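In: sequence unknown, structure follows:
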């Protein structure tokens, strides 16, 4: 059985949680995706139905 996780996180939230220079939003997003992968979740998709995007992950392993 495949398990999925959906998180609702704005880009502003990612930038403040994974702080880098304001010009480095891409680095903040990369840190978020790497953090999720380290915790057993692989990025699948991102949807943006409104102000806050939804990030979809698939379970790929158990965190150590």
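Out: Structure's in. What do you need? This structure is a prediction, so every number in the text was calculated from the model and none was measured.

In: tell me the buried residues in the lowest-mean-pLDDT helix or strand in the chain?
Out: The helix or strand of the chain with the poorest confidence is helix 11-17; it has a mean of 87 (mean pLDDT, DSSP states H and E). Neighbour counts over helix 11-17 (16 or more other C-beta atoms under 10 Å) mark 14-15 as buried. For the C-beta atoms, the positions are set from N, CA and C on the backbone; glycine is no exception.

In: just checking, what packs against that helix?
Out: Contact here means 3 or more C-beta pairs under 8 Å, 6 or more residues apart in numbering; DSSP states H and E; on that basis helix 11-17 packs against helix 25-38.

In: strand partners of the helix or strand just after the helix it packs on, parallel vs antiparallel please.
Out: Note on helix 25-38: by DSSP states H and E, the next helix or strand toward the C-terminus is strand 41-47. Each strand paired with strand 41-47, and its direction, by DSSP bridges: strand 54-59 (antiparallel).

In: relative to helix 25-38, how tilted is the partner strand?
Out: 30 degrees (axes from the mean of the first three to the mean of the last three C-alpha atoms, to 10 degrees).

In: how far is strand 54-59 from where the chain is centred?
Out: Offset of strand 54-59 from its chain centre (C-alpha atoms, centre = their mean, to the nearest Å): 8 Å.

In: for that strand, list every residue counted as buried.
Out: Result for strand 54-59 [16+ other C-beta under 10 Å]: buried residues 55-57.
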